[in-house]
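Asker: requesting a structural model of the entry that follows:
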Amino acid sequence: MLFKNYYKLILVSILFLNFSAFSQNNYLESCLTQVPENFSEIENQNRSTFQYYLEEYYNKFESKTSTAITNVPAKIHIVTDANGVTEITEDEIMDEIDEANSFLANSFLEITVCDDVNYIANNQLYFFDIDDQGLLYANNQPDIMNIYFVESIAFGNGNACGYTYLPGNSDQYYDVIVMDNQCTNNPVSTTLIHEFGHHFNLMHTHGDSNEPESTDELVNGSNCSTAGDRVCDTPADPLINGSNVSSVNCMYTGNATDAMGQFYDPDTSNIMSYSPNTCTDSISIEQYARMYAGFHTFKTYYKCPSFHIDFVADKNENCDDYMNVEFTDMSIGATAWEWDVDGDDIVDYTEQNPSHVYTPGVYDVVLKIFSGSESITKVFPQFINFPSNLHETSKVNLELFIIDVSENTWEFKDGSGTILYSGGPYEDAGIFNHEFDVIQSECYTFTIYDSAGNGLGTSDYFFSNGTWNEGSEYYELTTEDGEYIYSNTNFGSEESKLISTNYLSLDQNNPNSISIYPNPADNYIQIRYQNIIPNSYKIYDINGRLIKSNSIDNENGFSIDLSNFERGLYFISIKSEKKIDNLKFLVK
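Answerer: Model prediction:
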């Protein structure tokens, strides 16, 4: 086979033909899979980013994050014989892609065919042998998923329906799916969505072994996140296939047991299994989440050369808890734009280069571009991550976890730019803690640097205090009470965070003052007063709508429940006998 040396970084998935036209004697094994020797290393290197997007997926329906679907561009290559003859049509391919998209929509993804189909007239490639993959891949278009349709896929003494590569390698040589024509236009085949699953980081439900009953996942699920397919809502699979699953009633007839002696009860409907095609019609929620995270971790560079989305954003925050963002469109082929800049599925702007003022929060940004009747959408999950700068504290605590030594330094400055504290580089791996004294009504800036340009992005084993440990680098800022201020890992070469102690509190010089605390708030705010007693309040949202009002009849009235409030900026008007105080507060 023509595999590059670093091909061991990639997991190849082959789903084999089980149609009657092929004799069982054609196959030496049920799946040609090369397990990467450093699979754990790939997982560790991308663990924090992958987990970030997993959590983002699960939060989509629980918070104001966008449910828009990202278009994933694909280039279609149809291989014909030397006379231009093929047994598949463009319509048949599009029908199969549409069916796959009905599943991918649950991962907020949609395959979009880019530009015209590329026809390749070549007898050798039409009856494709996997040893000729270098010749086939020479037709790859960069920065896009390349899908090839050939008459047959041969390897050794067997034939295959299709194959692809799990993500994790930066070499675009492997941005490929190869499909057998008969497995594409066969009405019961689910091979294409199966291969899309692998391309977006799904493993087979039986894991990385192709030996029957050799899966390392236990039936009781106790090791489901690290064994088998690394997914916990798919039961352990002893490698089900046509020999132990009926293609008529889809019942598993095997009697295999796991390492604990428990009988397997696999899901014969799962598309990522080797169950007969007549049975496979489902993908689990955790598998959808894993595909979502796989795309956003590894494949966001995919773009159609003639029509694709891109923009840059200039972010400027201040100590008054506002951040102004100037968006500059860099898309290709766009003639109209729709921006949803806060991930609430509502179009905010239709100009090409909008600007927007954010209050603290985490927001998806969605851009949809148009060219005539054509349109594509791309979601940038949690693109704006703006935690509040306001904190009531007399100390700021810094915790760093360092693995790559001699790379990181930091500075803590006051509002005039004077460096009050600094640290690094660190000559040893481990956790380091620092404490900064701060005063009220000041705006501080914490800046961290990384000489290697990869932030605190390393996940690996490290030696500390005489033992080897496993972990991922990070830094975290907290108040003296342990309240979270900010943390990050992958920040590149440099990152700064503002910390304001200009919080809303009692004015000690004003004998008749009213304030609220805490601000920003989670579940409640407390009205605080000095000498002058409030008797009622009204709360308005940022659009001026009255949200809540109450009279204050006793001490309990000074505590206001915010548990049903959505995240955002609010205004409270507090009335007393002598005046009305208008204040603002944030719900985190």
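
Asker: give the buried residues for stretch 102-115.
Answerer: 103-104, 106-114 (16 or more other C-beta atoms under 10 Å). For the C-beta atoms, the positions are set from N, CA and C on the backbone; glycine is no exception.

Asker: what two of these are the furthest from one another?
Answerer: Comparing every pair within the buried residues of stretch 102-115 by C-beta to C-beta identifies 106 and 114 as the most remote, at 22.7 Å.

Asker: okay if I get the buried residues of stretch 102-115 as TSV plus distance to residue 580 and pLDDT?
Answerer: Listed next are the buried residues of stretch 102-115 as TSV, based on distance: C-beta to C-beta, whole Å; pLDDT from 0 to 100:
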residue	distance to residue 580	pLDDT
103	57	97
104	54	97
106	51	94
107	51	95
108	46	95
109	51	96
110	52	97
111	57	98
112	55	97
113	61	97
114	59	95
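
Asker: same list (the residues you listed) but as TSV, adding distance to residue 122 and secondary structure.
Answerer: Shown next, in TSV, are the buried residues of stretch 102-115 (distance: C-beta to C-beta, whole Å; DSSP: H, G, I helix; E, B strand; the rest coil):
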residue	distance to residue 122	secondary structure
103	32	helix
104	30	helix
106	37	helix
107	34	helix
108	37	coil
109	31	strand
110	31	strand
111	25	strand
112	27	strand
113	22	strand
114	22	coil
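
Asker: hang on, residue 324 packs against residue 341?
Answerer: No. Contact criterion C-beta atoms under 8 Å: residue 324 and residue 341 do not qualify, at 11.8 Å.

Asker: who touches both of these two?
Answerer: residue 356 (C-beta atoms under 8 Å, 6 or more residues apart in numbering).

Asker: got the domain ranges for the protein?
Answerer: 5-209+284-298, 311-386, 395-500, 514-587 (automatic domain parsing).

Asker: most tightly packed of those?
Answerer: Highest mean neighbour count of those: domain 5-209+284-298, a mean of 19 (counted as mean count of other C-beta atoms under 10 Å).

Asker: now stretch 277-291 - C-alpha only, PDB.
Answerer: This file holds the C-alpha atoms of stretch 277-291, laid out as PDB (Å, rounded to 0.1, in the frame of the first residue of the first chain):
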ATOM      1  CA  ASN A 277     -27.300  -2.100   6.300                       C
ATOM      2  CA  THR A 278     -31.000  -3.000   6.600                       C
ATOM      3  CA  CYS A 279     -30.700  -2.400  10.300                       C
ATOM      4  CA  THR A 280     -28.600   0.800  10.600                       C
ATOM      5  CA  ASP A 281     -30.600   4.000  11.000                       C
ATOM      6  CA  SER A 282     -29.500   5.700  14.200                       C
ATOM      7  CA  ILE A 283     -26.700   7.900  15.700                       C
ATOM      8  CA  SER A 284     -26.600   8.700  19.400                       C
ATOM      9  CA  ILE A 285     -26.700  12.100  21.000                       C
ATOM     10  CA  GLU A 286     -23.100  11.700  22.200                       C
ATOM     11  CA  GLN A 287     -22.000  10.700  18.800                       C
ATOM     12  CA  TYR A 288     -23.600  13.800  17.300                       C
ATOM     13  CA  ALA A 289     -21.800  15.900  20.000                       C
ATOM     14  CA  ARG A 290     -18.500  14.200  19.100                       C
ATOM     15  CA  MET A 291     -19.000  15.000  15.400                       C
END
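
Asker: so what touches it?
Answerer: So stretch 277-291 is contacted by 18, 54, 57-58, 103-104, 106-107, 109, 186, 188-191, 193-194, 196-197, 200-202, 229-234, 245, 247-248, 250, 267-273 (C-beta under 8 Å, 6+ apart).

Asker: low-confidence ranges, the protein, go.
Answerer: In the predicted model, the chain carries pLDDT under 70 at residues 1-39, 61-65, 459-470, 503-512, 543-544.

Asker: top strand in it by residue count?
Answerer: The longest strand of the chain (DSSP state E) is strand 374-386.

Asker: return the distance of that one from the chain's centre.
Answerer: Chain-centre distance of strand 374-386: 12 Å, with C-alpha atoms, centre = their mean, to the nearest Å.

Asker: okay, now the sheet partners of whichever helix or strand comes after that strand, with direction.
Answerer: Next helix or strand after strand 374-386 toward the C-terminus (DSSP states H and E): strand 395-402. Strand pairing for strand 395-402, using DSSP bridges, gives strand 430-437 (antiparallel), strand 474-479 (antiparallel).

Asker: restricting to C-alpha, output the last one in PDB.
Answerer: As requested, C-alpha coordinates have been extracted for strand 474-479 and formatted as PDB (Å, rounded to 0.1, in the frame of the first residue of the first chain):
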ATOM      1  CA  TYR A 474      -3.800  26.700  32.100                       C
ATOM      2  CA  TYR A 475      -3.800  30.000  34.000                       C
ATOM      3  CA  GLU A 476      -6.700  31.200  36.200                       C
ATOM      4  CA  LEU A 477      -7.400  34.500  38.000                       C
ATOM      5  CA  THR A 478      -9.700  34.600  41.000                       C
ATOM      6  CA  THR A 479     -10.700  37.100  43.800                       C
END
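
Asker: got the contact list for it?
Answerer: 48, 391-393, 395-401, 410, 446, 448, 456, 484-489, 497, 499.

Asker: mind checking what helix or strand follows that strand in sequence?
Answerer: Heading C-terminal from strand 474-479 (DSSP H and E), you reach strand 484-488.

Asker: elements contacting the helix or strand following that next one?
Answerer: Once the chain leaves strand 484-488, the next helix or strand it forms, by DSSP H and E, is strand 494-500. For strand 494-500, the packing partners by 3 or more C-beta pairs under 8 Å, 6 or more residues apart in numbering; DSSP states H and E come out as strand 443-450, strand 484-488.

Asker: who are the packing partners of the helix or strand that strand 494-500 is followed by?
Answerer: Next along the chain after strand 494-500, taking DSSP H and E as the criterion, comes strand 514-517. With contacts taken as 3+ C-beta pairs under 8 Å, 6+ apart, strand 514-517 sits against strand 524-529, strand 568-576, strand 580-587.

Asker: contacting residues around stretch 90-104?
Answerer: Counting by C-beta under 8 Å, 6+ apart, 72, 74, 76, 78, 110-111, 113, 117, 149, 184-185, 192-193, 196, 271, 283, 291 sit against stretch 90-104.

Asker: what is the orientation angle of the helix or strand hosting residue 95 with strand 109-113?
Answerer: Secondary structure from DSSP H and E places residue 95 in helix 90-104. Interaxial angle, helix 90-104 versus strand 109-113 (axes from the mean of the first three to the mean of the last three C-alpha atoms, to 10 degrees): 160 degrees.

Asker: before I go, just wanted to say thanks for your time.
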